[in-house]
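A.B. asks: coordinates only, sequence not included:
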């Protein structure tokens, strides 16, 4: 029996072996005008791992001579290869221009973050890799390409080892060739070291303070970000340099030194895909203080953007984008860049316990509908570009007698772009505390917001023993209880520009009486989305009923909003007239539930030619997603007096991912993320909404074998992809797009700047409107290949094909070509084996299919392989052999065994034999995908991690890691480090780890998700059991010991862990449940009622799905049930565990409960995590 001290030492040793080698990059934004990219990334070279701002300058992608040339995805003739090499040479001009604005800065090299693998890695294929990678100098001789000399991976370059024995006939994919020759661009920190040192010393910033969000407005070239106690604003110069200044008056004794060297870049918290990692404490974290990977069922909002001064959710806006709105003490405020504040709403009345708030999203809106803000600026239209920051008067450091104010002389026309000719106010401009002689008019500003009343919502009190304060209170709507009530309002105001300004009070307007939303739509329960239409003359709102089966989108003209004074002078007739101007432009109903998404795009004007019909003169056109066909697809919707017309843009049995789309209105294209080719991968696709375009005609722009998160820059015809796979850490590259000549007309598709009216361009049958991948590309971040993957892919545990007792082993969903060692294949390059192409070992061609290939398909002798401490042997210690007959299946797969680190029989034999191996991007456990068909004839996907001491033919104790709820997906082809660190620890301790996405999980359509309706906890476990039984069969590897199976999960995964032990005690020997829901009446209304229905309508469903109803079914054996829960959990309250424990005691069932008094929904403290992991694996080693 392993002791607590032994397990604790194993946990500590494992954690100490984890090397932080992967940089988290997120929030990309293009500055199209200046050819730059801005983003947040953590600097692993510093003691503080907090994310910082970086910029990358993009070289010019085209030379004059090759602008009209194009490359298709397939390079199958000499002309294309010649063109590829010529285009690569045009990139050499980067060497001359990359260092122009590096003066005074220390360049940031992404490769300094990477794990330094074996030295040979950087010298294996020098002819194909620009070197050194990470250097901003680009060596032209490195992009002279020999297609058959080696193989590549998508953007891995020198970080990946060469493929062994690649045949000379193997040709890498086009993307591989492009990125192998592409230069790696240098990262430039936006906030220079001098700026940060000065901010820490002068403005009292702590080195541990986080920069979690930022906003960049290209219209005025202005940056804003909260950092510490201040909100900073800076104007970006043409060369990219910026000197952010605090948007508040600086104390006289602490004047900011404007003469300090400025930093050189800007960023924006753009609506782009982000690559998030989570704590290993579990799949769920706090809804107020954590982040989650995309797709998790109860996705928590990002870390709240709040400064110590209480300013949260800051947004740069206003007519000239020179004002900052934020929320504080339950109200909306606005301030100038010099820090002059104006309070706009007065909900709290300085009462911190007020049940009314303005501009702050309530709990369920953030937690369950993933909207984290409650206000939006009216559309901005700067009347004149800001002057260069160099023209702003500044005071020298030696005379800090006056506050330093960063401001710009903005000339306004006085006419608001959204309100005709509003009143203007002539106000002096402030410099150094005194009024400037320069006056300018100012426009009336508007903010659309929701006022939320939670007066009827349950008030929850949580004790905090030994902490201050000793308790906390907040509003939490339980299932079946009243929700918050939201009121849509607009505030009009003229902000104060200086302390001497005398401006009128803010004017608040709302919808009154018969024109109110609740009057017009009695079924309204949630306002899930809202915003401004592009012209700023109307707003839109998406509403949802309580059952979440009915939704509508309503447009509301501004004249429908009235102030208190205007309402007093109105009548019911006036209200009826206003109500008649509001339009329901979209409605949808579902028998299951409606998944609310962020996919909606309004066109400023209709993008099609309408007949001369007066009924169509006021048409509103937009792109929206719907699951009405069973899968989420895009539609071009047109609403007019005649009604609603919906034309499908996409169609088919695949799912559009809930990520915002990008529309190219000139070319009538829409770029979107979908899982068409594989449910395990996200890819960028493009479709057309032009007249005559077919909804099944779409094009994938990213290569298979990775999951991609993409930001598209329509203006410059390019996109950035942040991509990763199970075998490769996140890499980042910029790909350019080109359009081919029209085969029908013979003329070239005009460049975007020459396309003025795409609405008149019908769809061309030759597909010339779709872009192709250009040969121009730039690498921003290189991925690191997991060196442990190669041997795993070569000898997969689960065979690729075979039908046994209804279980089908197939990877038809993958649609990928294989990555197979060409020496082990006697078939010619490009031939097909059971549907998979053989050829070059490049991961962009698809690693997924390669490890799905059964090893009995590999003819020819296989040598003994020595890698790390692993030895491959055939039976009786011989080398594995193959039959010389290609048709024979007599080959016996070799067994895998590890050379023992400890002598046999030593006291350390229970420990992992590879406990000293470092865990980093180049070395970590490898997941193996498998697919089976359930007894209900549903194809399910899973992932298996073999134990580190694996020997073929032996069975191993198995841990099922589960989340399993709706809107979640654990089995994906994306990077898992550090998200799955706890699972990696399990494999080191000798356990196999299994994950299965059962029915109800994400992105497989309504029919796959809907079995959970009114049946939560009743169908998911059956899928897990059948997956285990599939893996336990000898023909599928026989790895799982069905007598030693444990299950563990957090939140919904904790709930399913409990249900698994209660429903299948003969299958699951141990259950470790973290923060479980035990009674759905105790969880929040929006989540629970979406899937379980209303309590008074589905009482029996609630009873069957509650763990309490199964309390008497838990086993009577000791050491089988462990429950962990944080006492101050604000999401799944500790009451859930209390009620279950009371019933377990009543039925005299053995159990153990572990409380964490200082923890919320996720375990954040490192010491608490260590304790829980020690406890968890103490149980698994001793009781499984």
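C.D. replies: Yep, it's here. Nothing here was measured: the structure is a model prediction, and the numbers come from that model. Numbering: from 1, shown residues only.
A.B. asks: what pairs with residue 489 across the strands?
C.D. replies: Bridge pairing for residue 489 (DSSP bridges) gives the partners residue 449, residue 510.
A.B. asks: so what's the closest residue to residue 184 other than its chain neighbours bridging to?
C.D. replies: Residue nearest to residue 184 in three dimensions, not counting chain neighbours: residue 779, with 4.5 Å by Cβ to Cβ, 6 or more residues apart in numbering. Where you see a C-beta, it was placed from the backbone N, CA and C, and this is true even at glycine. For residue 779, the beta-bridge partners are residue 184, residue 733 (DSSP bridges).
A.B. asks: distance of residue 779 from residue 178?
C.D. replies: Counting by Cβ to Cβ, to the nearest Å, the gap from residue 779 to residue 178 is 10 Å.
A.B. asks: One more: residue 476?
C.D. replies: Distance, residue 476 to residue 178, by Cβ to Cβ: 52 Å.
A.B. asks: Look at the two and report which has more neighbours.
C.D. replies: Between residue 476 and residue 178, counted using other Cβ atoms under 10 Å, residue 178 has the larger neighbour count: 29 against 23.
A.B. asks: tell me which strands and helices the host helix or strand of the more buried one is in contact with?
C.D. replies: Assessed by DSSP states H and E, residue 178 sits inside helix 174-181. Helix 174-181 sits against helix 78-90, strand 728-738, strand 772-781, with contacts defined as 3 or more Cβ pairs under 8 Å, 6 or more residues apart in numbering; DSSP states H and E.
A.B. asks: Determine how far the last residue of stretch 683-699 lies from the first.
C.D. replies: 10 Å (Cα to Cα, to the nearest Å).
A.B. asks: can you pull the buried residues of it?
C.D. replies: 683, 684, 685, 686, 687, 688, 689, 690, 693, 695, 698, 699 (16 or more other Cβ atoms under 10 Å).
A.B. asks: Stretch 482-502 now?
C.D. replies: Neighbour-count burial for stretch 482-502 [16+ other Cβ under 10 Å]: 483-498, 501.
A.B. asks: Which ones among these map onto strands?
C.D. replies: 485, 486, 487, 488, 489, 490, 491, 492, 493 (DSSP state E).
A.B. asks: correct me, but the fourth one touches residue 532?
C.D. replies: No - applying Cβ atoms under 8 Å, one finds residue 488 not in contact with residue 532, separated by 11.9 Å.
A.B. asks: if I look at these two, which residues touch both of them?
C.D. replies: Common neighbours of residue 488 and residue 532 (criterion: Cβ atoms under 8 Å, 6 or more residues apart in numbering): 448, 539.
A.B. asks: wait, isn't residue 719 in contact with residue 711?
C.D. replies: Yes - using Cβ under 8 Å, residue 719 is in contact with residue 711, at 6.5 Å.
A.B. asks: Following element in sequence after the helix holding residue 178, please.
C.D. replies: With elements assigned by DSSP H and E, the helix or strand that comes after helix 174-181 is strand 188-189.
A.B. asks: Apart from its chain neighbours, what residue comes closest to residue 1152?
C.D. replies: Leaving aside its sequence neighbours, residue 1152 sits nearest to residue 1122 (Cβ to Cβ, 6+ apart; 5.1 Å).
A.B. asks: helix or strand right after the host helix or strand of the one you found?
C.D. replies: According to DSSP H and E, residue 1122 maps onto strand 1121-1126. Using DSSP H and E, the helix or strand that follows strand 1121-1126 in sequence is helix 1135-1146.
A.B. asks: Would you mark the buried spots in that next one?
C.D. replies: 1136, 1137, 1139, 1140, 1141, 1143, 1144.
A.B. asks: tell me the angle it makes with strand 1121-1126.
C.D. replies: Following axes from the mean of the first three to the mean of the last three Cα atoms, to 10 degrees, one obtains 150 degrees for the angle between helix 1135-1146 and strand 1121-1126.
A.B. asks: Going C-terminal from helix 1135-1146, what's the next secondary structure element?
C.D. replies: Defined by DSSP H and E, the subsequent element after helix 1135-1146 is strand 1152-1156.
A.B. asks: Can you work out which other helices and strands pack against that following strand?
C.D. replies: When contacts are defined as 3+ Cβ pairs under 8 Å, 6+ apart, strand 1152-1156 sits against strand 1121-1126, helix 1166-1183.
A.B. asks: do you know which of the ones you listed lies nearest residue 933?
C.D. replies: Of all the helices and strands packed on strand 1152-1156, helix 1166-1183 sits nearest to residue 933, with 30.0 Å by Cβ to Cβ.
A.B. asks: which residues are in contact with the closest one?
C.D. replies: Contact partners of helix 1166-1183, identified using Cβ under 8 Å, 6+ apart, comprise 1-2, 4, 7-8, 10-12, 15, 279-281, 910, 957, 959, 982, 985-986, 989, 991, 1046, 1048, 1069-1070, 1072, 1074, 1119-1120, 1122, 1124, 1154, 1156, 1158-1159, 1163.
A.B. asks: Would you write out the ChimeraX command that picks the buried residues out of those residues?
C.D. replies: Buried members of those, defined by 16+ other Cβ under 10 Å, are picked up in ChimeraX with:
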select :7,8,10,11,15,279,280,281,910,957,959,982,985,986,989,991,1046,1048,1069,1070,1072,1074,1120,1122,1124,1156,1158,1159,1163
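A.B. asks: beta partners for residue 711?
C.D. replies: With DSSP bridges as the rule, residue 711 is bridged to residue 720.
A.B. asks: show me the contacts for the residue nearest to residue 1152.
C.D. replies: 1070, 1071, 1072, 1073, 1151, 1152, 1153, 1154, 1175, 1176, 1179.
A.B. asks: Over to residue 348?
C.D. replies: Listed by Cβ under 8 Å, 6+ apart, the contact partners of residue 348 are 329, 330, 331, 354, 356, 357.
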